[in-house]
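Enquirer: my questions concern the predicted model and sequence given below.
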Amino acid sequence: MRIRAARPADLPALLEIYNDAVVHTTASWDLLPWTPVQHAEWYATKAEHGHPVLVADDEGQVVGYAAYGPFRPKAGYSRTMEHSVYVSPGHQGRGIGRALLVAVIEAARADGVHALIGGLSADNEVSLALHRSLGFVEVGRLPEVGRKFDRWLDLVLLQLFL
């Protein structure tokens, strides 16, 4: 497996991975799957602003991706980014998420990002443990700010200074 920059041809695989997370997990708090147009716009915005989208490529198959973008839209937040990492359900538990998160941290560091933020559902113990193992520190917990699968969700904010 190798980590590389995403290409437009990867978008269908990225959309499939993301939409699986939307439908089956609390990794995304979207309630409805994205359309190909929404996802293409997301990718175009990343490219326009020079924010990386990285993929885990396993012998030509995209099995996960990571990206970062603005934490908040105000100019004063320009050196703080929020990241996301998604791994295909059939490939979880193999270190792909760790490899992607390490790669996105390295990309952010190279781009001069000061702080990287992760917003995770409090019930996502595996991702919380992964982030903590790489030096992320919990800096906030917002109880019951999200709702999905007919239940309230707590948001945990984790931060890594680069």
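Expert: Nice, I can see it. Everything numeric here is computed off the predicted structure, so don't read it as measured data.

Enquirer: what mean pLDDT does the helix or strand residue 108 falls within have?
Expert: Assessed by DSSP states H and E, residue 108 sits inside helix 96-110. Here helix 96-110 scores 98 as its mean pLDDT.

Enquirer: name the residues linked to the spatially most central residue of the chain by a beta bridge.
Expert: Nearest to the mean C-alpha position of the chain, by C-alpha atoms, centre = their mean, lies residue 84 at 1.0 Å. Bridge pairing for residue 84 (DSSP bridges) gives the partners residue 67.

Enquirer: which ones are touching residue 16?
Expert: Residues in contact with residue 16 (C-beta atoms under 8 Å, 6 or more residues apart in numbering) are residue 88. Heads up, the C-betas are built off the backbone N, CA and C, glycines and all.

Enquirer: okay, and it sits in which element?
Expert: Secondary structure (DSSP H and E) places residue 16 in helix 11-24.

Enquirer: distance from the chain centre to stretch 123-132, please.
Expert: 13 Å (C-alpha atoms, centre = their mean, to the nearest Å).

Enquirer: can you pull the buried residues of that stretch?
Expert: Of the residues in stretch 123-132, 124, 127-128, 130-131 count as buried by neighbour count, 16 or more other C-beta atoms under 10 Å.

Enquirer: could you list the alpha-carbon positions for it in PDB?
Expert: Output in PDB follows, covering the C-alpha atoms of stretch 123-132 (Å, rounded to 0.1, in the frame of the first residue of the first chain):
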ATOM      1  CA  ASP A 123     -18.400   6.900  20.500                       C
ATOM      2  CA  ASN A 124     -15.600   6.400  17.900                       C
ATOM      3  CA  GLU A 125     -13.100   4.800  20.400                       C
ATOM      4  CA  VAL A 126     -10.800   3.400  17.700                       C
ATOM      5  CA  SER A 127     -10.300   6.800  16.100                       C
ATOM      6  CA  LEU A 128      -9.900   8.500  19.500                       C
ATOM      7  CA  ALA A 129      -7.200   6.000  20.500                       C
ATOM      8  CA  LEU A 130      -5.400   6.500  17.100                       C
ATOM      9  CA  HIS A 131      -5.400  10.200  17.500                       C
ATOM     10  CA  ARG A 132      -4.100  10.100  21.000                       C
END
